[in-house]
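Enquirer: would you be able to build a 3D model of this:
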Amino acid sequence: MAVDEATLLARRRAVVDWHRTLESVPGSGWHRDDAQPRETRDRGLARLSDRPVGIQDDDLVYFCGPDVAAVTAALRGFVEKTTAGDPERLADRLGESGLLRHALKVARRYADRTDAVLTVPSQDYNGCLFALADAGIVVVGADLRG
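Expert: Have a look, this model is predicted:
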């Protein structure tokens, strides 16, 4: 059963607010002077509160609000990067990696969505995460019910 956008936006807001709280407390593990955020910055990754939030409910994962545009843009970029160049070389690369093949299929499926809420079934979620990670995007996972 689909979850309404207002519920998803409220849950996303609660997750982001909690992450901002963690980022403001020295010693929380996420404060700018703690080791993890320094490593995150060194690797060029977004702060915890700036990452897309994938909200899971049963076997569906939802992206909402500003995360939809960020996720779909990264998926489009993954498709363009992966399919650029020599088609024969692409076939060789895809033949070597079932995960890459799955991620490309998933990225193509969701890259051009313009819905206010992007809904990804759990069987496609790992492919989505692979494509997003390739773009340097790390998703924060959250359960709908907290």
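Enquirer: would you map the helices across the chain?
Expert: Assigned by DSSP state H, the helices in the chain fall at 5-24, 35-42, 66-83, 87-96, 98-110, 122-134.
Enquirer: how about those, which one is nearest Gln56?
Expert: helix 122-134 (7.6 Å; Cβ to Cβ). Yep, even glycine has a C-beta here, placed from its N, CA and C like the rest.
Enquirer: that closest one packs against which elements?
Expert: The contact analysis (3 or more Cβ pairs under 8 Å, 6 or more residues apart in numbering; DSSP states H and E) places helix 122-134 against strand 60-64, helix 66-83, helix 98-110.
Enquirer: deepest-packed of those, please.
Expert: Among the helices and strands packed on helix 122-134, strand 60-64 has the highest mean neighbour count (mean count of other Cβ atoms under 10 Å), at a mean of 23.
Enquirer: hang on, Asp59 packs against Ser122?
Expert: Yes: Asp59 lies in contact with Ser122 (Cβ atoms under 8 Å); the separation is 4.4 Å.
Enquirer: residue contacts, Gly54?
Expert: Shown in contact with Gly54 (Cβ atoms under 8 Å, 6 or more residues apart in numbering): 61-63, 120, 125, 139-142.
Enquirer: picking up where we left off before, would you mind giving the helices and strands packed on helix 122-134 as CSV with mean pLDDT and distance to Arg12 added?
Expert: Shown next, in CSV, are these (pLDDT from 0 to 100; distance: least, Cβ to Cβ, whole Å):
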stretch, mean pLDDT, distance to Arg12
strand 60-64, 98, 6
helix 66-83, 94, 7
helix 98-110, 90, 18
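Enquirer: would you mind giving the ones you listed as JSON lines with distance to Val3 added?
Expert: Formatted as JSON lines, the helices and strands packed on helix 122-134 follow (distance: least, Cβ to Cβ, whole Å):
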{"stretch": "strand 60-64", "distance to Val3": "6"}
{"stretch": "helix 66-83", "distance to Val3": "14"}
{"stretch": "helix 98-110", "distance to Val3": "17"}
